[in-house]
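Colleague: kindly return the folded structure for what I paste below:
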Amino acid sequence: MEQLDMPNEKAVVLFSGGFDSTLVLADLVKHASDTDTIYAVTIEHNITGTQKLRREYESQLLILRELRKQFPKVRIEHERISVESNWTVGDATNSRGLAQPIFWMCNLIPFLENNDNVYFGYNLNDQARVHIDHIKELFKVACKFQSDKHIEPKFPISYLDKTEVLRRLMGDYPYLIDHCITCESMTYDGTNVCGDCVPCTHLKQALFNISLEPNDYGKKAKEMLKERFHCTVDVHYDWEDDAVKYIEPVYPDSECKYVDGKKYSDGASNDCAIEVCAIEDDEYASM
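Modeller: Numbers count the residues shown, from 1 in each chain. Predicted coordinates:
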């Protein structure tokens, strides 16, 4: 992450309190100079639901408090933009991953100034990741249309998948990871996640990947699986080949059973949200 070096440059992070935007914000703050101001901008829309919106705000405040404690010389401003909209979360899928950045862009540009840098937290697993060039062009056209501003959108973690994002947070910012949120369910209250939406699925998959590591990261991943999704990891070891073959989620409090990546409940089977992970790295074969 490069330091800000333009006299009138402002770093703006689209900040939700999720794992991805928290990593982007933390990296910017870590590499900022004492004279820099980092703006964490949260766009709040009514479709989120009051309960979930309140929980997200609490998470954002906790993350910002920890960052200010760790980096007291860096100025961090939190701006909240409230929007009434008929846009729904599902539209992001229907529009091939472009609906969300377009929505953010339309509400963010009036807040921005010339030569600002806008940092998005899209990772390698996000749908919008394949549209980065389109997003950049849309920003250019929209800024030209509104007030001839030059705004530079940046995607610093677009080369990282969710697993690596979590590893980075565990390693570089362990005091932040427990405050991060996920889940697109409107009923999310900060305690019970749905476990089925895209963010929940990506998070579970990443945690299962990390849980196989014979180190502190693996231990932390197991703790997060238990706390957030109430499940543990069942590791299938092939003693003949002396290697871990795959892992499966185990939900002790549920009547559902997972066998070979399929969920069975009352005789019916459905595709499991978690893909079975084939382990090829010899590093984990000795577990």
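Colleague: ok, and the closest non-adjacent residue to L207?
Modeller: Spatially, and ignoring its direct neighbours in sequence, L207 is nearest to A221 (4.5 Å; Cβ to Cβ, 6 or more residues apart in numbering). C-beta here means a position set from N, CA and C on the backbone, and glycine is covered the same way.
Colleague: quick one: the strands in the stretch 1-150 of the chain?
Modeller: For the stretch 1-150 of the chain, the strands defined by DSSP state E, counting those that start in this stretch occupy 11-14, 37-45, 75-83, 117-119.
Colleague: possible to save the ones you listed as a markdown table with mean neighbour count?
Modeller: Listed next are the strands of the stretch 1-150 of the chain as a markdown table, based on neighbours: other Cβ atoms under 10 Å:
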| stretch | mean neighbour count |
| --- | --- |
| strand 11-14 | 24 |
| strand 37-45 | 20 |
| strand 75-83 | 14 |
| strand 117-119 | 22 |
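Colleague: of all those, which one is nearest Q127?
Modeller: Comparing these against Q127 with Cβ to Cβ, the closest turns out to be strand 11-14 (15.8 Å).
Colleague: partner strands of that closest one, with direction?
Modeller: strand 37-45 (parallel), strand 117-119 (parallel) (DSSP bridges).
Colleague: now the angle from the longest one to strand 75-83?
Modeller: Per axes from the mean of the first three to the mean of the last three Cα atoms, to 10 degrees, the angle that strand 37-45 makes with strand 75-83 is 20 degrees.
Colleague: what sits up against strand 37-45?
Modeller: Applying Cβ atoms under 8 Å, 6 or more residues apart in numbering, the contact partners of strand 37-45 are 10-17, 25, 28-29, 32, 53, 56-57, 60, 64, 74-85, 87, 103-104, 107-108, 111.
Colleague: let's see 6 Å
Modeller: Contact with strand 37-45 is made by 11-15, 25, 28-29, 32, 53, 75-83, 85, 104, 107, as judged by Cβ atoms under 6 Å, 6 or more residues apart in numbering.
Colleague: likewise stretch 136-149?
Modeller: In contact with stretch 136-149 (Cβ under 6 Å, 6+ apart) are residues M105, I109, N114, I151, P153.
Colleague: next, count neighbours for the fourth one.
Modeller: When neighbours are defined as other Cβ atoms under 10 Å, I151 has 22 of them.
Colleague: distance check, the residue nearest to it when sequence neighbours are not counted against D216.
Modeller: Once flanking residues are discounted, I151 sits nearest to C143: 4.9 Å by Cβ to Cβ, 6+ apart. Distance of C143 to D216, given as Cβ to Cβ, to the nearest Å: 44 Å.
Colleague: one step back: okay if I get the strands of the stretch 1-150 of the chain as TSV plus distance to E164 and mean pLDDT?
Modeller: Below are the strands of the stretch 1-150 of the chain laid out as TSV (distance: least, Cβ to Cβ, whole Å; pLDDT from 0 to 100):
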stretch	distance to E164	mean pLDDT
strand 11-14	19	91
strand 37-45	22	87
strand 75-83	25	87
strand 117-119	17	89
